[in-house]
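[1] Structure, please.
(chains A and B)
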Protein chains: 2
Amino acid sequence: MATVAVIGAGAVGSYYGARLAQAGHDVRFLLRRDYDAVAARGLRIESHHGDFTLERPAIARDAAAIGPVDWVLCGLKTTALDDAAALIRPCLTPETRVLAIMNGLGVEESLAGSLGTGRVFGGLAFTCINRGEPGVIHHIEYGQVGIAHLGDDPAELDRALALWQDATVEITRQPSLLRARWEKLCWNVPFNGLTVAAGGVDTEVIVTDPALRAEARALMEEVVAAGNADLAAAGAAGAAERIDGEAVISRMFELTDVMGPYRPSTLIDYLEGRAIEVDAIFAEPARRARDLGVPTPRMEMLTALLARLDPARTPPPQATT
Amino acid sequence: MATVAVIGAGAVGSYYGARLAQAGHDVRFLLRRDYDAVAARGLRIESHHGDFTLERPAIARDAAAIGPVDWVLCGLKTTALDDAAALIRPCLTPETRVLAIMNGLGVEESLAGSLGTGRVFGGLAFTCINRGEPGVIHHIEYGQVGIAHLGDDPAELDRALALWQDATVEITRQPSLLRARWEKLCWNVPFNGLTVAAGGVDTEVIVTDPALRAEARALMEEVVAAGNADLAAAGAAGAAERIDGEAVISRMFELTDVMGPYRPSTLIDYLEGRAIEVDAIFAEPARRARDLGVPTPRMEMLTALLARLDPARTPPPQATT
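    Numbering: from 1, shown residues only, chains lettered A, B, ... in the order given. Here you go, the predicted structure:
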């Protein structure tokens, strides 16, 4: 049994933390909005893999009350990445590992800059999951998590996979964090981005509108090209270490075509007036592509539009005429 | 003195029609929304080139009451292009000429298909003009009109320029309609498009946000490339007959940088819930570029987003879960 701190207990953090608790681990949740509801009624998971409730989970309002643990599961939005190290640090021993189940590119590198490289892992969740009323998580579809180590160390990966061994979560071993992150972006860039930029529509609109579907595919092709250039620059030697673009793109559409009218996290943030994850999901991949000389005109336009549409953006000075 | 029918007396049609009336022509306005206001109080022009009022202009609620004229000035939105021929036809004699002061590509060809090729002209207005209260037009900035003939016939161009000889309007002679249309798109595609897609912002936001300004420039470069390919395909022989991309792009930014917080017509239509001119300004140029093998990824993405953002779009069937 491991001790686990869930830092950033939104929909994703709460769900996967609850699955670890269900598997017998000692899981402690850092809560803000939902603290009172979970204290009163527990944490309720309504999942297509089976509903359950943690009746009396260990919860805290600040990380110091959680104390040192074996694993930190970080489910913060990347818009809170600057605060992540301060929230995680009270939970660390020299042996503590940190698994970031977050979106975008550069998250693990950023955490490693504050917390140390060897201990950081990336969790790539492909799942449809939303918060319901306080203390309730709706897990609608999918749920698999790819796990990678920032240093791509196989022994460290063994350690991470052991944590999830008894949990009701489909885990895949990802030998390359960089490849896994770019493959995940093949979904997040088009679907998190276009659902917002097209005015606040769900994924079903994107895959059933022929022009938007074509844009989604073209965005994926840009992500694949940029990702493979990034992998090559990082020393990925053969085709087996690169992204198989056509296979990944086909799989993304197959998964999304049966997803129904799903609202990605960025769309929910946008519709609810919260900061959207522009930097990690859009700007950083576009910046890397530019540095590598890979043209990504659609990603650049989407990034520029989303940066302006971001509810967190401070309005610039305006002429008053 | 010529007889002139203004069909589509929105801001642009009313303004230029009033300038022709001021110059002594017999101008008759087809009005709908503003009929009662203009009947009661005349047509008021508040212009940076001088305010004036047509106290008792000739107005009609239907084109049959206007009858045959020498010139039709068509200021309809391209979203009403399918109705244009029926509105114009009651005003035609075999000698009547039609000047379409409209945005986008393919407008003159469409009118010529119904009305005959030799009589159709394009008017390319570079102007900041809005409707005020009923019967009042605000002319804020610029105002020049390029005039071209669908057949690029110099004698026909002479005839058109003669009409405007005494009017307080800066007219430029455009020997190539196709080139003039593509040059105009260098402004309309980025500014009419991005102001809507970025969430409903004015042109000042586009030119002062570095990322959006870069997108505007990149869109202009796509328009220039597509336009020059279209001109080449149409037989334009030398450099003098092509678009000088850098010169046009620099001029567009110079003009827009001092425009202040201007709202292009497409933005106003969008904000007021009316159909936006997706086909003529965006989809048709993108389609021609595709047919010519010119990559225009940004125009394609913008077109797909605007088609979805168009208030006139019938919402597609949605799953109800």
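
[2] What segments of the stretch 201-321 of chain A are strands?
    Shown for the stretch 201-321 of chain A, no strands are assigned by DSSP state E, counting those that start in this stretch.

[3] Give me the neighbour count for the residue in the stretch 51-200 of chain A that chain B sits nearest to.
    Chain B sits closest to A:Ala198 of the stretch 51-200 of chain A, with a gap of 4.3 Å, by CB to the nearest CB. For the C-beta atoms, the positions are set from N, CA and C on the backbone; glycine is no exception. Residue neighbour count, defined by other CB atoms under 10 Å in any protein chain shown, stands at 23 for A:Ala198.

[4] what do you get for A:Leu111?
    A count of neighbours around A:Leu111, defined by other CB under 10 Å, yields 26.

[5] helices or strands next to the helix or strand containing it in the packing?
    Element membership for A:Leu111, per DSSP states H and E: helix A:107-115. Counting contacts by 3 or more CB pairs under 8 Å, 6 or more residues apart in numbering or on different chains; DSSP states H and E, helix A:107-115 is packed against helix A:81-88, strand A:97-100, strand A:120-131.

[6] can you rerun that using 6 Å?
    Judged by 3 or more CB pairs under 6 Å, 6 or more residues apart in numbering or on different chains; DSSP states H and E, helix A:107-115 is in contact with strand A:97-100, strand A:120-131.

[7] Go through those and pick out the most buried.
    strand A:97-100 (a mean of 25; mean count of other CB atoms under 10 Å in any protein chain shown).

[8] Name the residues that touch that strand?
    With CB atoms under 6 Å, 6 or more residues apart in numbering or on different chains as the test, strand A:97-100 has contacts from A:Trp71, A:Val72, A:Leu73, A:Cys74, A:Val107, A:Glu108, A:Leu111, A:Arg119, A:Val120, A:Phe121, A:Gly122, A:Gly123.

[9] distance between the helix holding A:Leu111 and the chain's centre?
    Counting by CA atoms, centre = their mean, to the nearest Å, helix A:107-115 is centred 15 Å from the centre of its parent chain.

[10] If you count neighbours, what's buried in it?
    Buried residues in helix A:107-115, defined by neighbour count with 16 or more other CB atoms under 10 Å in any protein chain shown: A:Val107, A:Glu108, A:Ser110, A:Leu111, A:Ala112, A:Leu115.

[11] returning to what we had before: with mean pLDDT as extra columns, can I get the helices and strands packed on helix A:107-115 in a markdown table?
    Output for the helices and strands packed on helix A:107-115, formatted as a markdown table (pLDDT from 0 to 100):
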| stretch | mean pLDDT |
| --- | --- |
| strand A:97-100 | 98 |
| strand A:120-131 | 94 |
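
[12] Pipe these into a markdown table and attach distance to A:Glu284 per row.
    As requested, the helices and strands packed on helix A:107-115 are exported to a markdown table (distance: least, CB to CB, whole Å):
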| stretch | distance to A:Glu284 |
| --- | --- |
| strand A:97-100 | 14 |
| strand A:120-131 | 14 |
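
[13] Look up phi and psi at A:Gln144.
    Main-chain torsions, A:Gln144, degrees, to the nearest 10: phi -70, psi 150.

[14] Contact partners for it?
    Applying CB under 6 Å, 6+ apart, the residues near A:Gln144 are A:Phe126, A:Glu170.

[15] Equivalent analysis for the one 3 residues further on, please.
    A:Ile147 makes contacts with A:Gly123, A:Ala160, A:Ile171, as judged by CB under 6 Å, 6+ apart.

[16] Can you pull out the low-pLDDT segments for chain A?
    Along chain A, segments meeting pLDDT under 70 span A:314-321.

[17] From what I see, the residue of the stretch 51-200 of chain A closest to chain B and B:Leu305 are in contact.
    Yes - assessed by CB atoms under 6 Å, A:Ala198 is found in contact with B:Leu305 at 5.5 Å.

[18] for chain A, which helix is longest?
    The longest helix of chain A (DSSP state H) is helix A:210-233.

[19] May I see the contacts of A:Ile147 arranged in JSON lines, with distance to chain B as well?
    Output for those, formatted as JSON lines (distance: CB to the nearest CB, whole Å):
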{"residue": "A:Gly123", "distance to chain B": "28"}
{"residue": "A:Ala160", "distance to chain B": "35"}
{"residue": "A:Ile171", "distance to chain B": "28"}
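
[20] Would you reformat those residues as TSV and include distance to B:Pro264?
    Output for the contacts of A:Ile147, formatted as TSV (distance: CB to CB, whole Å):
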residue	distance to B:Pro264
A:Gly123	45
A:Ala160	53
A:Ile171	51
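
[21] B:Arg33: which of these is nearest?
    Nearest to B:Arg33 among the contacts of A:Ile147, counting by CB to CB, is A:Gly123 at 57.9 Å.

[22] Now do the contacts for the nearest residue to the closest one once chain neighbours are set aside.
    Distances taken as CB to CB, 6 or more residues apart in numbering or on different chains place A:Ile101 nearest to A:Gly123, at 3.7 Å, with adjacent residues excluded. A:Ile101 is in contact with A:Val12, A:Gly75, A:Gly123, A:Ala125, counting by CB under 6 Å, 6+ apart.

[23] Pull the residues that contact the strand or helix carrying the first one.
    Pointing back at A:Val12 there. In this structure, A:Val12 sits in helix A:11-22 according to DSSP H and E. Helix A:11-22 is touched from outside by A:4, A:6, A:27, A:29, A:43, A:45, A:54, A:73, A:75, A:101, A:125, A:129-131, A:137, A:139, A:167-169, with contacts defined as CB under 6 Å, 6+ apart.
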